[in-house]
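*Asks:* Dropping a prediction and its sequence here:
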Amino acid sequence: MTAFNFEQARFNMIEQQIRPWEVLDQRVLDTLARMPREDFVPERYRNLAFSDIAIPIGQGEHMLKPAIEGRILQALAMRPTDSVLEVGTGSAYLTACLARLAASVTSVDIIPEFIEAARPKLKAHGISNVVLHAGDASQGWGEHRYNAIALSGSVAVLADHWCQHLSLGGRLFVVVGQPPVMEALLITRTGEREWLQESLFETELSPLRNVEAPKVFEF
């Protein structure tokens, strides 16, 4: 039996899925090319690691599709000095990519098993700038402000606390809405009480757990 060619599959993923979806930032493309996605999926799905599907990772959850991961990384435009908050560690693949592009990542997941599984994966790839937390971040996470925030699950409406978590110039990636109408947004904090909203694309994403219908954030 011919061995599966992971490198060719990774190249095809980038050239046929991610780049055509307008992900052109070379730092992002290089990160995706160097991070072994197959090491972050359940063993039985390794040969599907580069497919345009949401791979099941257990607990009723799924990995984001590769193209969406690429768009998140590009939209957040992370600098090597940035601090990042990720809500929804999941498989930890996006966590690892964020860590390669930023100074530090705080990643929170409500499912403790995902956090425990993430630790050896990140360690195996020499990633030491991630702090993992098992907890419920649906209503925010502490008082710290971040340069970039990535929500890996959707919310019905955008709550105020996510925008308040941004530092000046900070960026938030979030998918807002309910099926079948959901929109990926980039929120940038431009002042102490000012934010800029940019529509990126339409998609469908599973909701963050425990998110209630909060007060709608007004720009």
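*Replies:* Alright, I've got the coordinates. Residues are numbered from 1 along each chain as shown.

*Asks:* wait, Glu204 sits on Met182?
*Replies:* Yes - A contact is recorded between Glu204 and Met182 when judged using C-beta atoms under 8 Å, the distance being 5.4 Å. C-beta: built from backbone N, CA, C; applies to glycine.

*Asks:* Stretch 23-30: which residues count as buried?
*Replies:* Burial within stretch 23-30, assessed by neighbour count using 16 or more other C-beta atoms under 10 Å, is assigned to 23, 25, 28-29.

*Asks:* swap in stretch 29-37?
*Replies:* Within stretch 29-37, the residues that qualify as buried are 29, 31-32, 35-37, counting by 16+ other C-beta under 10 Å.

*Asks:* What's the separation between Arg189 and Ile53?
*Replies:* Plainly put, Arg189 is 34 Å away from Ile53 if you go by C-beta to C-beta, to the nearest Å.

*Asks:* Strands of the chain, start to end?
*Replies:* 56-58, 61-62, 83-87, 104-109, 130-134, 146-151, 166-178, 181-191, 194-202 (DSSP state E).

*Asks:* okay if I get those as a markdown table plus mean neighbour count and mean pLDDT?
*Replies:* Formatted as a markdown table, the entries for the strands of the chain read as follows, by neighbours: other C-beta atoms under 10 Å; pLDDT from 0 to 100:
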| stretch | mean neighbour count | mean pLDDT |
| --- | --- | --- |
| strand 56-58 | 16 | 96 |
| strand 61-62 | 18 | 96 |
| strand 83-87 | 25 | 98 |
| strand 104-109 | 24 | 98 |
| strand 130-134 | 16 | 98 |
| strand 146-151 | 24 | 98 |
| strand 166-178 | 20 | 97 |
| strand 181-191 | 16 | 96 |
| strand 194-202 | 13 | 96 |
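
*Asks:* Please tabulate the ones you listed in CSV and include distance to Ile115 as additional columns.
*Replies:* Supplementary listing: these in CSV, determined by distance: least, C-beta to C-beta, whole Å:
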stretch, distance to Ile115
strand 56-58, 13
strand 61-62, 13
strand 83-87, 12
strand 104-109, 5
strand 130-134, 4
strand 146-151, 16
strand 166-178, 21
strand 181-191, 25
strand 194-202, 28
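
*Asks:* Please identify which of the ones you listed is closest to Gly140.
*Replies:* Distances from Gly140 to each of those were compared using C-beta to C-beta; the shortest belongs to strand 83-87, at 9.1 Å.

*Asks:* starting at the chain centroid, how far to the closest one?
*Replies:* Per C-alpha atoms, centre = their mean, to the nearest Å, the displacement of strand 83-87 from the mean C-alpha position of its chain is 9 Å.

*Asks:* Neighbouring strands - and their directions - for it?
*Replies:* Paired with strand 83-87 in the same sheet, following DSSP bridges, are strand 104-109 (parallel), strand 146-151 (parallel).

*Asks:* Please name the bridge partners of Val155.
*Replies:* For Val155, the beta-bridge assignment (DSSP bridges) gives partners Val176.
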